[in-house]
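S.K.: Build the 3D model from these lines:
(2 chains)
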Number of protein chains: 2
Amino acid sequence: MTTLTVDLGERSYPIYINSDLLGQADLLRQHIPGKSALIVTNETVEPLYLKKTQAMLTGLKHESVILPDGEKYKNLEVLNQIYDALLRNRLDRNTTIIALGGGVVGDMAGFAAASYQRGVHLVQIPTTLLSQVDSSVGGKTGVNHPLGKNMIGAFHQPRAVIADTDTLDTLPDRELSAGIAEIIKYGLINNTDFFTWLEQNMQALLRRDKAVLTQAIEVSCQNKADVVAADERESGQRALLNLGHTFGHAIENAMGYGEWLHGEAVGAGMCMAATMSKQMGWMSDQELQRTCNLIEQAKLPTKAPANMSVETFLALMAVDKKVLDGTLRLVLMKGIGKALVTDDYNADDLNTAIENSLAN
Amino acid sequence: MTTLTVDLGERSYPIYINSDLLGQADLLRQHIPGKSALIVTNETVEPLYLKKTQAMLTGLKHESVILPDGEKYKNLEVLNQIYDALLRNRLDRNTTIIALGGGVVGDMAGFAAASYQRGVHLVQIPTTLLSQVDSSVGGKTGVNHPLGKNMIGAFHQPRAVIADTDTLDTLPDRELSAGIAEIIKYGLINNTDFFTWLEQNMQALLRRDKAVLTQAIEVSCQNKADVVAADERESGQRALLNLGHTFGHAIENAMGYGEWLHGEAVGAGMCMAATMSKQMGWMSDQELQRTCNLIEQAKLPTKAPANMSVETFLALMAVDKKVLDGTLRLVLMKGIGKALVTDDYNADDLNTAIENSLAN
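M.R.: Coordinates of the predicted model:
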């Protein structure tokens, strides 16, 4: 088993990566300090993995709450179902919330853990590729608001992340690709070698070759753990992890949450960031091609939806969390593996890049 | 002007206490780091102090949101009105939320500040006695859930607390008394001299003698600041500040939020805690009398509502945030000025104390 560590002093925690981790009760139990737990999952994951997870909790008081599946349910109203379950079952401040599912479950269960009784314990058991390589690590939690994605939330670190790679066997192809988007992101940000390795191994990833998948998860988690340890609350370099996300969130919001998977929107968003970087003369045409080719190979969209306009993008991007005192900062690239956060760009270049990125 | 400090290292902040502070723009402005602010207030405070507060923000982008007034509106639905205002006005992560009002406004605006874009700046301008001596200091924020008070929330410290004692001139008598309940609490917890001083000065407090009121606010804030600095997240002694609150929250919930003011419920709750402490032989009959007499002098209830039962109390107290792994801890007293948090009590003593505390 691979064990990585997110180094946050007293709040450091392990990321376990291996097959058959849901069979190992001790792994979970050592990270539950109290006598009770609430499993938060969704209607898709429940028939697959809930019983296995419950079996690891024998002897504890434990309950579960099953949420509807999908990004469109990541809102305050559905969050309240978690609070209801916590209070109905009289779970106290020493309880542990276990997030069993993908990014939506992790974000919502995480925010419930951050805010129930002003904070209870949290363990992440991510069951999708996207949540294993990205959202379960780093403590970002939250829900969407009709006017903006992830606008309501908190930083709340888990006590452990348990990534059982066997759970990827049941993942639909479309969600596999969505996860690969975040993996590609790490290569583009600061790891040229990893980007090249991904170019060589994309077919194996899509075939779900277990060794290749596991290696991709490990590299991604290590990268994420390093960034989070250096900048937990995103006052600096952590913002690089939003490469493709400012464009992507606008797509998710405009299309209606859940129409495009988050990873699909990030895929197109990374192409848009590369297009704009090329437009500004920061990236060569060849590097732009390599970026968009890899995203396309991963069976992800490389263009924004045809029915979106420059105006829609600008309006939705104006509420992005990277706006500071009225200025939208973007994550762009000065080449593959050289991302930067900047507000040093022309509005014209942004407009042109969006225009050129719309599907025909 | 008196300036106290809540000592939390880098997150330390001042509490300003004086008359005419709402006229001093610089005082507020130095604690707003960005270029925008949202004032959160309610329909009662708005006609009294909103314009004065807005006048201090000249040159900044500023907006306001007016909430309905009352504890019964301290819920997720009304909280969403604050998120709506933040997003509609495109206020970004560097914005400052200004809580202008009493405890309900402070708790809700504070939780919005804790959770909007995973945390923005907060300044508290408390306009009630209760919020000036207690709720605006220390970073506890949150909303109620139908099944329990303050069950959803976060710790989020303000950048400053500005307590303008002139705002107390417009406070209804009933709310003045409610604030005095929290002042009495500090005497009962660990400050016998202050308790004696309150016995001597209660009539002056009720007459709103400005010098006496200001002294009571200063002693209370200093006491609160000391406790918060020592135990920000309530892993230990901060729980003492909940004296009277476990019983009080049960009353507020059972009667419907807002029927009893929070301070009124805490007044009766402190009598109940004293009654139980006497029942257990920890407090003399004379000390019990002094405690309940002072609460009565402050024009606060000393008995729980007649239509509540022991069973109702026990059911509602079972979801208190001081329950740990199934055991309800109570704040009791071994004499005036000697409060302690304990789970070392008999269920029978608790039942008898509740029974004896119900109004006829």
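S.K.: Buried residues, stretch A:234-251. List them.
M.R.: A:234, A:237-251 (16 or more other Cβ atoms under 10 Å in any protein chain shown). For glycine as for every other residue, the C-beta is placed from the backbone atoms N, C-alpha and C.
S.K.: nearest to residue A:148, of the residues you listed?
M.R.: Closest approach between these and residue A:148, by Cβ to Cβ: residue A:249, at 7.6 Å.
S.K.: Out of the buried residues of stretch A:234-251, which sit inside helices?
M.R.: Applying DSSP state H to the buried residues of stretch A:234-251, the entries found in helices are A:245-251.
S.K.: now those residues in CSV, with distance to chain B and pLDDT?
M.R.: Converted to CSV, these look like this (distance: Cβ to the nearest Cβ, whole Å; pLDDT from 0 to 100):
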residue, distance to chain B, pLDDT
A:245, 14, 97
A:246, 13, 96
A:247, 18, 97
A:248, 17, 97
A:249, 13, 95
A:250, 14, 96
A:251, 18, 97
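S.K.: nearest to residue A:310, of those residues?
M.R.: For these, the nearest to residue A:310 is residue A:250 (10.8 Å; Cβ to Cβ).
S.K.: Can you name every helix or strand that the lengthiest helix in chain A contacts?
M.R.: Longest helix of chain A, by residue count under DSSP H: helix A:210-230. Packing partners of helix A:210-230 (3 or more Cβ pairs under 8 Å, 6 or more residues apart in numbering or on different chains; DSSP states H and E): strand A:2-6, strand A:13-18, strand A:160-164, helix A:173-190, helix A:192-206.
S.K.: helix or strand right after the second one?
M.R.: When you say that, I think you mean strand A:13-18. helix A:25-29 (DSSP states H and E).
S.K.: for that next one, packing partners?
M.R.: So helix A:25-29, by 3+ Cβ pairs under 8 Å, 6+ apart, packs with strand A:160-164.
S.K.: one step back: show me the two of the buried residues of stretch A:234-251 that sit farthest apart.
M.R.: Counting by Cβ to Cβ, the most remote pair of those is A:237 and A:251, 24.7 Å apart.
S.K.: interface residues of the stretch 201-350 of chain A facing chain B?
M.R.: For the stretch 201-350 of chain A, the residues in contact with chain B (Cβ under 8 Å from any Cβ of the partner chain) are A:233, A:318-319, A:321-326.
S.K.: let's see it at 6 Å
M.R.: A:318-319, A:321, A:323-325 (Cβ under 6 Å from any Cβ of the partner chain).
S.K.: now, which of the buried residues of stretch A:234-251 sits nearest residue B:16?
M.R.: residue A:234 (31.0 Å).
S.K.: Might you report the residue contacts of the closest one?
M.R.: Counting by Cβ atoms under 6 Å, 6 or more residues apart in numbering or on different chains, residue A:234 makes contact with nothing.
S.K.: Kindly report the same for residue A:220.
M.R.: A:133, A:183, A:186.
S.K.: got the residue ranges for the helices in the stretch 251-360 of chain A?
M.R.: A:262-279, A:285-297, A:310-317, A:347-357 (DSSP state H, counting those that start in this stretch).
S.K.: most packed of those?
M.R.: helix A:262-279 (a mean of 27; mean count of other Cβ atoms under 10 Å in any protein chain shown).
S.K.: Just read off the phi/psi values of residue A:172.
M.R.: Torsion angles at residue A:172 (phi, psi; degrees, to the nearest 10) stand at phi -60, psi 150.
S.K.: which element is the nearest residue to residue A:46 once chain neighbours are set aside on?
M.R.: Leaving aside its chain neighbours, residue A:46 sits nearest to residue A:66 (5.1 Å; criterion: Cβ to Cβ, 6 or more residues apart in numbering or on different chains). Assigned by DSSP H and E, residue A:66 falls within strand A:61-67.
S.K.: Return the distance of the very next helix or strand once past that strand from the chain's centre.
M.R.: Next in sequence after strand A:61-67, counting helices and strands by DSSP H and E, comes helix A:76-88. Put simply, helix A:76-88 sits 23 Å off its chain's centre (Cα atoms, centre = their mean, to the nearest Å).
S.K.: list the helices and strands helix A:76-88 packs on?
M.R.: strand A:61-67 (3 or more Cβ pairs under 6 Å, 6 or more residues apart in numbering or on different chains; DSSP states H and E).
S.K.: tilt between the strand it packs on and helix A:76-88?
M.R.: 160 degrees (axes from the mean of the first three to the mean of the last three Cα atoms, to 10 degrees).
S.K.: Could you list the paired strands of strand A:61-67 along with their orientation?
M.R.: Strand A:61-67 has the following sheet partners, assigned by DSSP bridges: strand A:36-42 (parallel).
S.K.: Please enumerate residues in contact with the strand it pairs with?
M.R.: Everything outside strand A:36-42 that qualifies as a contact, by Cβ under 6 Å, 6+ apart, is A:50, A:53, A:57, A:60-65, A:67, A:69, A:82, A:91, A:95-101, A:105, A:109.
S.K.: so where's the stretch 151-300 of chain A uncertain?
M.R.: Within the stretch 151-300 of chain A, no stretch has pLDDT under 70.
S.K.: ok, back up a step: now list the buried members of the residues of the stretch 201-350 of chain A next to chain B.
M.R.: Of these, these count as buried by 16+ other Cβ under 10 Å: A:319, A:321, A:323.
S.K.: re earlier: what is the most widely separated pair among the residues of the stretch 201-350 of chain A next to chain B?
M.R.: Largest pairwise distance in those, by Cβ to Cβ, is 13.9 Å, between A:319 and A:325.
S.K.: re the thing from before, which of the residues of the stretch 201-350 of chain A next to chain B fall within strands?
M.R.: Members of those lying in strands (criterion: DSSP state E): A:323-324.
S.K.: between the residues of the stretch 201-350 of chain A next to chain B, which is nearest residue B:300?
M.R.: residue A:321 (44.8 Å).
S.K.: per-residue pLDDT, the closest one?
M.R.: Per-residue confidence at residue A:321 stands at 86 (pLDDT).
S.K.: and the gap between it and residue A:214?
M.R.: In this structure, residue A:321 and residue A:214 are 32 Å apart, going by Cβ to Cβ, to the nearest Å.
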